[in-house]
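Student: Sequence and predicted structure are below.
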Amino acid sequence: MEKQIVTVSYWLGLLSALIAMGEWGLNILGRLAQSVVLVGYTRWYESFFKGALLFFLIAIATASYAFVRADKNS
């Protein structure tokens, strides 16, 4: 179970980071800011950075827990 949590949270974190970098790049080029302001989206690229950080921390914590648990059993 821990292995699945680590795998899924790692890939979700990587996907969130890629989306955030893509939106950040579009914002640098001036392509994203105008559409966000005109349409009224409240989504911002920094929320994807925070989501990526959360998923990576979940993956690290779960992997550490599984390692300690396996070490105690041996």
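Tutor: Perfect, thanks for sending it.
Student: What separation do you get for residue 5 and residue 29?
Tutor: Distance of residue 5 to residue 29, computed by Cβ to Cβ, to the nearest Å: 36 Å. C-betas here are computed from N, CA, C, even on glycine.
Student: how far does stretch 28-47 stretch from start to finish?
Tutor: With Cα to Cα, to the nearest Å as the measure, stretch 28-47 spans 17 Å from end to end.
Student: Residue 5 and residue 29 - which one has more neighbours?
Tutor: Applying other Cβ atoms under 10 Å to residue 5 and residue 29 shows that residue 5 carries more neighbours, namely 16 against 9.
Student: so which strand or helix has that one?
Tutor: Assigned by DSSP states H and E, residue 5 belongs to helix 2-29.
Student: Residue 55 now?
Tutor: Assigning secondary structure by DSSP H and E places residue 55 in helix 45-73.
Student: So which elements touch that helix?
Tutor: Here helix 45-73 touches helix 2-29, going by 3 or more Cβ pairs under 8 Å, 6 or more residues apart in numbering; DSSP states H and E.
Student: List the buried residues of the helix it packs on.
Tutor: Judged by neighbour count (16 or more other Cβ atoms under 10 Å), helix 2-29 contains these buried residues: 5, 6, 9, 10, 12, 13, 16, 17, 19, 20, 23, 24.
Student: what distance separates the helix holding residue 55 from the centre of its chain?
Tutor: Remark: helix 45-73 is offset 11 Å from the chain centroid, using Cα atoms, centre = their mean, to the nearest Å.
Student: where in the protein is pLDDT low?
Tutor: Applying pLDDT under 70 to the chain flags residues 32-43.
Student: and if we set it to 90?
Tutor: The chain contains residues with pLDDT under 90 at 1-3, 5, 19-20, 22-50, 66-74.
Student: And the residue nearest the centre of it?
Tutor: Centroid check for the chain by Cα atoms, centre = their mean gives residue 52 as the closest residue, at 1.6 Å.
Student: Please list all residues in contact with that one.
Tutor: Counting by Cβ atoms under 8 Å, 6 or more residues apart in numbering, residue 52 makes contact with 13, 14, 16, 17, 20.
Student: go again using 10 Å as the cut-off
Tutor: 12, 13, 14, 15, 16, 17, 18, 19, 20, 21 (Cβ atoms under 10 Å, 6 or more residues apart in numbering).
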